[in-house]
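**Student:** sequence and predicted model, in that order:
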Amino acid sequence: MTPVLFWALKAALFLLAVAMLCALARLLIGPAAQDRIMALDCLYINGMLMMLVLGINYASAVYFEAAMLIALFGFVGTTALAKFLLRGEVIE
Amino acid sequence: MSDDFIIGPLPLWAELITAVLVMVGAAFTAIGSFGLVRLPTFYRRIHAPTLGATVGVWSMMLATITYFSVQGNSLFLHAVLISLFVALTAPIGTIFLMRAALFRTRGGPGPDAPAAAPPPSGDAQEPQSPQPPR
């Protein structure tokens, strides 16, 4: 692995970590529930991208299943929470 | 066949393409997530993560396809599944969230909501829907 790709992968991991921290901050300080759900969705996407970068970093294709599962659970979680927001206030 | 895939370092062009694509994807994702913190209202913030869900995911997919195709000496298309899945599901989740947010501020779209779209101009009158708009 040339130093260019090595440092590019490290910088990409750093940028994705910063992105995850930003999403986590919005998840913690979000004023409404929909802000927190949106931040959780963004956090899932960032974690999935980090899995892909780690797969390139270790030259292993095993990480794709993990990324696929993270994308799947992210979508299920976002949809379920949004539907909960919609229906929870219907009952009220 | 152990000759089929490369154990050592890859050719330089493949590593350069992979590096550039990975950096572009990570930078766009970071910008989108930073917009999630920076933008003031929910209706503006909901645009920001789509940057990572489109350009970030697609360029990262191209990077993994390049790297593993050159490494394995065969076309590696598993990552296309992830990109197609995200491209299908991210708008659905965004639409659900948008409807939930508009629903929660019922009784007026709220001070943060964008202004309603202007009515379509033209002579054709739209037929009145039987149900009142929500």
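**Tutor:** Here it is on my side, so go on.
**Student:** alpha carbons only for contacts and neighbour counts from here, please
**Tutor:** Noted.
**Student:** is the helix or strand hosting residue B:23 anywhere near chain A?
**Tutor:** Element membership for residue B:23, per DSSP states H and E: helix B:12-38. Yes. Remark: helix B:12-38 sits within contact range of chain A at B:12, B:15-16, B:18-20, B:22-23, B:26-27, B:29-34, B:36-37, by CA under 8 Å from any CA of the partner chain.
**Student:** next one: stretch B:98-105
**Tutor:** Yes. Part of stretch B:98-105 sits near chain A under the criterion CA under 8 Å from any CA, namely B:99, B:100, B:101, B:103, B:104.
**Student:** just the buried ones among the residues of helix B:12-38 next to chain A, please.
**Tutor:** B:15-16, B:18-20, B:22-23, B:26-27, B:29-34, B:36-37 (16 or more other CA atoms under 10 Å in any protein chain shown).
**Student:** ok, the spatially most central residue of chain B to residue B:13 distance?
**Tutor:** Central residue of chain B (CA atoms, centre = their mean): residue B:53, 2.2 Å from the mean position. Applying CA to CA, to the nearest Å, the value for residue B:53 to residue B:13 is 27 Å.
**Student:** quick one: contacts for residue A:53?
**Tutor:** Residue A:53 makes contact with A:9, A:12, A:13, B:22, B:60, according to CA atoms under 8 Å, 6 or more residues apart in numbering or on different chains.
**Student:** if we go to 10 Å?
**Tutor:** A:9-10, A:12-13, A:16, A:47, A:59, A:63, B:22, B:25-26, B:60-61, B:63-64 (CA atoms under 10 Å, 6 or more residues apart in numbering or on different chains).
**Student:** and it, what element?
**Tutor:** Per DSSP H and E: residue A:53 is located in helix A:33-57.
**Student:** next, see if the very next helix or strand once past that helix gets close to chain B.
**Tutor:** Using DSSP H and E, the helix or strand that follows helix A:33-57 in sequence is helix A:63-91. Yes. Judged by CA under 10 Å from any CA of the partner chain, helix A:63-91 and chain B are in contact via A:64-65, A:67-72, A:74-90.
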